[in-house]
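In: With the input below, show me the fold.
(chains A and B)
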Amino acid sequence: MLPVEPLQSDSNRQRVRAVTVRTLPMMMVCLLLAVFQVQAADTPTKPAGLISTSPGAELWREVRQRDGDVTGTTQVRSPGADVLVNVSGQAWREYRMEELIPKASVAILIVLVVIVVFRLLRGRIRIEGGRSGLRVLRFTTNQRIAHWATAILFVTLGLTGLTLLLGRNLLIPVFGAEGFSMIAGAAKFLHDYLGPVFMFALVWLFILFVRDNVPSPKIDLQWLLKGGGMFGKHVHAPRYNAGEKLWFWLASIGGLAVIISGLVLDFPIFGQTRATMEFYHWVHSVSAVILIVVSFGHIYMGTAALEGTFEVMQTGYCDSNWAREHHDLWYEEVKDSAEPVPGQQARTRREESTGAA
Amino acid sequence: MIEYLIDGPLWYFSLAVFSVGVLWQLARILFSASKTDLSVARGSASSGALRNVFSRFIPHHEIAPRIRVQVIAGYMFHLGLFALLFFAAPHVLFLEQNLLGFGWTPMPHWAFIVASQFAFFGLLILWLRRMLNSVSRLISTLDDHVAAILTFVVMLTGCLALLKGFTELRLLHRFTVELLLIYFPFSCLMHTFTFIPSRAFTGAWFGRRGIDA
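Out: Down below sits the predicted model:
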């Protein structure tokens, strides 16, 4: 058995205890001083005269720099993820609320007022020679399918898009915040899912209609200078007049802008930054609003303004007199193919009025 | 109350009508009396049936140029709808939890978007053609229009039901699906189940007579 040294061991313990008793209070004092020191350093100095009611206000003031975005460090790997509060986003929001929406609303209202005034001044434009009882083929079935597919999608996307753009001001007073939330959510989903379908329709429409919409500078300029013959003498026009050609090219180029910007917004998975999304949002909104306001004119002219126009896109055929009055150059090319309207007697308005007399 | 009705009794009722109705219609066709063919066979009925089932997937070359639009639109719609119905993630989950007890790998989100574009565009073009082509319009019945519109509405509300925050939109989709299920066995939508037997029957008839069609 090994010898034990109890005396030496006891003295060591006593020494340790004595050192501990002496140093512990000193350590406690140091610790307390350190804590107070840290607190003192952390406490911000309030500017004179500023009363802060929210304890988070100072923190958020630091986080949100008004002069520009401050980047930090994060494990999230996506564009803009290292910016906690995006100042340019707020600037975009203010632009959208204070400029884009009011200007879009005014543009829509102006066009609607112009259409009403035009209607009051000019009334419904009749076929001067009355119905001829003869018809010529103007649009094939495929052309009409492409037109109506594009039209249905355009109206749906226009309505859902305007709901998203103007709905906050127009629909919340009617449906309340909760109701508008559901309507806006549904509109966004429809808009996002039907948007790319519009691309198919517009491309098809372009292919089918482009050949006859190539500008003919001399004839088109004459048509435009004479206002399409709306307020004066008759103007010569080929298959599509300059107004229709302008609408075709505006719809094609504007539609392309809407489609490309819409795809960028619809699929934000290719590294688009916030600035990119804001730019394409602007392109999308502005080009869409331009298309919508001009389409009001197209819809009015194609339905209520001119007698015999709507049925052309319905049936594909137009009355011979209608063709002669609105597209005389084209009518000269196709007049030999005119055929009697099935089930309708050839009665001109002049004959009708003679009969009535 | 409405939520309980749509998620409960109406769902089971529509499912029962659909199942019994489809089985009844198929049995009616299968067991319908047909005259025994006493003619001497000039060819194989079985090979004729098999050939016709597959050859009809491609239109005959003589009429192909004239029906190109509806063939392309038809394939777009049917393939898109099939993909959405059986491979959309919410549908796979629903079938697993409510009907089958097992599921399968759903398609990715990008494929879901592509399929829905195909289905929407295809159906729109097919319905417009039905309305705008004078012959198609004449031979179309109310059933054709109701079936097309109901299918479109189901797809549209399905799109809205993806907005998970609102129960109303999910209920709307489920309600339109229930209407479709009830309507299905008594409409032209039965072609889902009858197009293969129909082709096979015609092909067998041709095959037995040695007609190369």
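
In: how many neighbours does A:Gln90 have?
Out: Using other Cβ atoms under 10 Å in any protein chain shown, A:Gln90 has 12 neighbouring residues. Placement of C-beta: from N, CA and C, glycine included.

In: Quickly find the element holding it.
Out: helix A:87-95 (DSSP states H and E).

In: Can you give me the buried ones in that helix?
Out: Residues of helix A:87-95 classed as buried by neighbour count (16 or more other Cβ atoms under 10 Å in any protein chain shown): A:89, A:92.

In: Same question for stretch B:48-61.
Out: Here stretch B:48-61 shows B:48-53, B:56, B:59 as buried, counting by 16+ other Cβ under 10 Å.

In: right, and out of those residues, which lies closest to chain A?
Out: B:Pro59 (16.2 Å; Cβ to the nearest Cβ).

In: which SS state does that closest one fall under?
Out: Secondary structure, DSSP: H, G, I helix; E, B strand; the rest coil: B:Pro59 is coil.

In: neighbours around the residue in the stretch 201-350 of chain A positioned nearest to chain B, how many?
Out: Nearest residue of the stretch 201-350 of chain A to chain B (Cβ to the nearest Cβ) works out as A:Ala201 at 7.2 Å. For A:Ala201, the neighbour count with other Cβ under 10 Å is 23.

In: B:Leu171 now?
Out: B:Leu171: 17 surrounding residues under other Cβ under 10 Å.

In: what's the answer for B:Ser116, then?
Out: With other Cβ under 10 Å as criterion, B:Ser116 counts 23.

In: Would you mind giving both backbone torsions of it?
Out: For B:Ser116, the backbone dihedrals (degrees, to the nearest 10) come out as phi -70, psi -40.

In: same check, this time on A:Gly316
Out: Per-residue torsions, A:Gly316: phi 90, psi -20 (degrees, to the nearest 10).

In: Which residue is the nearest non-sequential neighbour of it?
Out: Leaving out its chain neighbours, the residue that sits closest to A:Gly316 by Cβ to Cβ, 6 or more residues apart in numbering or on different chains is A:Phe139, at 4.7 Å.

In: okay, that neighbour: pLDDT?
Out: Looking at A:Phe139, its pLDDT is 95.

In: and it, that one's in a helix?
Out: No. Assessed with three-state DSSP, A:Phe139 is coil; it does not lie in a helix.

In: helix or strand for the residue sitting nearest the centre point of chain A, which one?
Out: Centroid-nearest residue in chain A, with Cα atoms, centre = their mean: A:Ser285, separated by 3.8 Å. According to DSSP H and E, A:Ser285 maps onto helix A:274-300.

In: Mean confidence (pLDDT) on that helix, please.
Out: Averaged across helix A:274-300, pLDDT comes to 93.

In: ok, and for the helix or strand following it, which residues are buried?
Out: Next helix or strand after helix A:274-300 toward the C-terminus (DSSP H and E): helix A:310-315. By neighbour count on 16+ other Cβ under 10 Å, the buried set for helix A:310-315 is A:312-313, A:315.

In: Let me have those residues in a markdown table, adding distance to A:Ala187 and pLDDT as columns.
Out: Listed next are these as a markdown table, based on distance: Cβ to Cβ, whole Å; pLDDT from 0 to 100:
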| residue | distance to A:Ala187 | pLDDT |
| --- | --- | --- |
| A:Val312 | 32 | 94 |
| A:Met313 | 27 | 94 |
| A:Thr315 | 33 | 92 |
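
In: Those residues also near chain B: which ones?
Out: A:Thr315 (Cβ under 8 Å from any Cβ of the partner chain).

In: Among the buried residues of helix A:310-315, which one lies nearest to A:Leu329?
Out: Among these, A:Val312 lies closest to A:Leu329 (Cβ to Cβ), at 16.8 Å.

In: what sits against that closest one?
Out: A:138-139, A:318, A:322 (Cβ atoms under 8 Å, 6 or more residues apart in numbering or on different chains).

In: one more time with 7 Å
Out: Residues in contact with A:Val312 (Cβ atoms under 7 Å, 6 or more residues apart in numbering or on different chains) are A:138-139, A:318.

In: Residue numbers of chain B in contact with chain A?
Out: B:69, B:116-117, B:120-121, B:124-125, B:128-129, B:132-133, B:159-160, B:162-163, B:165-166, B:168-169 (Cβ under 7 Å from any Cβ of the partner chain).

In: Going along the chain, name the helices of the stretch 201-350 of chain A.
Out: A:217-225, A:242-266, A:274-300, A:310-315, A:320-326, A:328-334, A:349-356 (DSSP state H, counting those that start in this stretch).

In: closest to B:Ile182 out of these?
Out: Of the helices of the stretch 201-350 of chain A, the one closest to B:Ile182 (Cβ to Cβ) turns out to be helix A:310-315, at 33.5 Å.

In: any idea how far B:Val154 is from B:Pro9?
Out: 20 Å (Cβ to Cβ, to the nearest Å).

In: repeat for A:Trp322
Out: Distance from A:Trp322 to B:Pro9, by Cβ to Cβ: 57 Å.

In: Equivalent analysis for B:Arg68, please.
Out: In this view, B:Arg68 and B:Pro9 are 46 Å apart by Cβ to Cβ.

In: For B:Arg68, what is the enclosing helix or strand?
Out: Using DSSP H and E, B:Arg68 falls within helix B:68-87.

In: List, one by one, the residues from chain A near chain B.
Out: So chain A meets chain B at A:141-142, A:144-145, A:148-149, A:152, A:182, A:185-186, A:189-190, A:193-194, A:196-197, A:200 (Cβ under 7 Å from any Cβ).

In: Sitting in strands, which of those do you find?
Out: Using DSSP state E, no member of the residues of chain A next to chain B falls within strands.

In: Am I right that B:Gly165 falls within a strand?
Out: No. B:Gly165 sits outside any strand when classified using three-state DSSP, being coil.

In: Just the pLDDT at it, thanks.
Out: Reading off the model, B:Gly165 has pLDDT 77.

In: and if you look at A:Ile219?
Out: The per-residue pLDDT reported for A:Ile219 equals 92.

In: ok, it - contacts?
Out: A:236, A:238.

In: mind redoing it with 10 Å?
Out: Listed by Cβ atoms under 10 Å, 6 or more residues apart in numbering or on different chains, the contact set of A:Ile219 reads A:235-238, A:241-242, A:329.

In: quick revisit: how far out from the middle of the chain is the helix holding B:Arg68?
Out: Helix B:68-87 has its C-alpha centroid displaced from the chain centroid by 10 Å (Cα atoms, centre = their mean, to the nearest Å).

In: hang on, the earlier thing: which of the residues of chain B next to chain A fall within helices?
Out: B:69, B:116-117, B:120-121, B:124-125, B:128-129, B:132, B:159-160, B:168-169 (DSSP state H).
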